[in-house]
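J.: following is a predicted model, sequence given first.
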Amino acid sequence: MDPDTRGAEWRADGRLIAEALRGRDESLLELSQRLRCVPRVLAILNARRGGYLTSHDLEDLRQDTLVIIWRKLRTFAGPGTLEMWAQKIAYFEFMNGFRDKRRKSERRAGEDVERVPAPPSGDLDPERYSRLEAALDELGSPEGDVVRLKHFEQLTFREIAERLDISANTVKSQYYRGIQRLKSMLPVQLRGEEAE
């Protein structure tokens, strides 16, 4: 899509949001239809994480995410579409909900490693995977999210950029910065390197 078309789309989305915030019924209806992408995105993300969140968790997360989107509507400024913007918020809210539930489960189970989702590749045992996940959580956003998308979901830098609605160059710099920070945080054995 060329920049002029994309610019026209987000300007139209901006007008739709302004009218919806003024309470115009037609705009509110169109906005609610356009935001139907949110529950689908949350369900897809949950499926990719092995269905870790229950249907009740997903419903709570859907409602919370839509409230956050509504509160942030005034901040929408493109350059992507309303759906891209909403999907980015949904992604970050899902990751927060996923990490929160995992932490609560681990606390309740006394750090029971079996409650952590299995590693995406069979290379790490559960204990090592749990330590890696903890390091990624400590790394935080955006670097931790980019590293997860690259290694756990096998996305390219371009795909990650589209998902997060940022440039591929920004994704690359966040990825390499995240990897460098992870190397300093993780023990040599977990990184798979030989101790000297």
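T.: Yep, that arrived. Numbers count the residues shown, from 1 in each chain.

J.: buried residues in stretch 68-87, which are they?
T.: Residues 69, 73, 76, 78, 80-87 are the ones in stretch 68-87 that count as buried (16 or more other C-beta atoms under 10 Å). Any C-beta I mention is one placed from the backbone N, CA and C, and that applies to glycine too.

J.: which helices and strands does the helix or strand where R158 lies pack with?
T.: R158 belongs to helix 157-164 when elements are defined using DSSP states H and E. Judged by 3 or more C-beta pairs under 8 Å, 6 or more residues apart in numbering; DSSP states H and E, the packing partners of helix 157-164 are helix 82-108, helix 143-151, helix 168-185.

J.: winner for burial among those?
T.: With neighbours taken as mean count of other C-beta atoms under 10 Å, those reach their highest mean count in helix 143-151, at a mean of 21.

J.: quick one: that one to helix 157-164, angle?
T.: 130 degrees (axes from the mean of the first three to the mean of the last three C-alpha atoms, to 10 degrees).

J.: need the residues that contact helix 143-151.
T.: 91-92, 95, 120, 136-139, 155, 157, 159-160, 163-164, 171, 174-175, 177-179, 181-182 (C-beta atoms under 8 Å, 6 or more residues apart in numbering).

J.: can you tell me which helix or strand of this protein has the lowest average pLDDT?
T.: helix 188-191 (a mean of 49; mean pLDDT, DSSP states H and E).

J.: need the contact list for the most centrally placed residue in the chain.
T.: Note on the chain: the residue nearest the mean C-alpha position is Y91, at 3.0 Å, using C-alpha atoms, centre = their mean. Y91 makes contact with 41, 45, 145, 163-164, according to C-beta under 8 Å, 6+ apart.

J.: for the nearest residue to L164 once chain neighbours are set aside, give its distance to Y52.
T.: Residue nearest to L164 in three dimensions, not counting chain neighbours: K88, with 5.9 Å by C-beta to C-beta, 6 or more residues apart in numbering. Distance of K88 to Y52, given as C-beta to C-beta, to the nearest Å: 21 Å.

J.: would you mind measuring from R99 to L139?
T.: 12 Å.

J.: what does R22 give?
T.: Distance from R22 to L139, by C-beta to C-beta: 41 Å.

J.: higher neighbour count, the two?
T.: Remark: of R22 and L139, L139 carries more neighbours, 20 against 9, as counted by other C-beta atoms under 10 Å.

J.: what about the chain, any weak spots by pLDDT?
T.: 1-7, 105-130, 187-196 (pLDDT under 70).

J.: the residue lying closest to R74 once chain neighbours are set aside: neighbouring residues, count only.
T.: With sequence-adjacent residues excluded and distances taken as C-beta to C-beta, 6+ apart, R74 is closest to L21, at 7.0 Å. Using other C-beta under 10 Å, the number of residues around L21 comes to 14.
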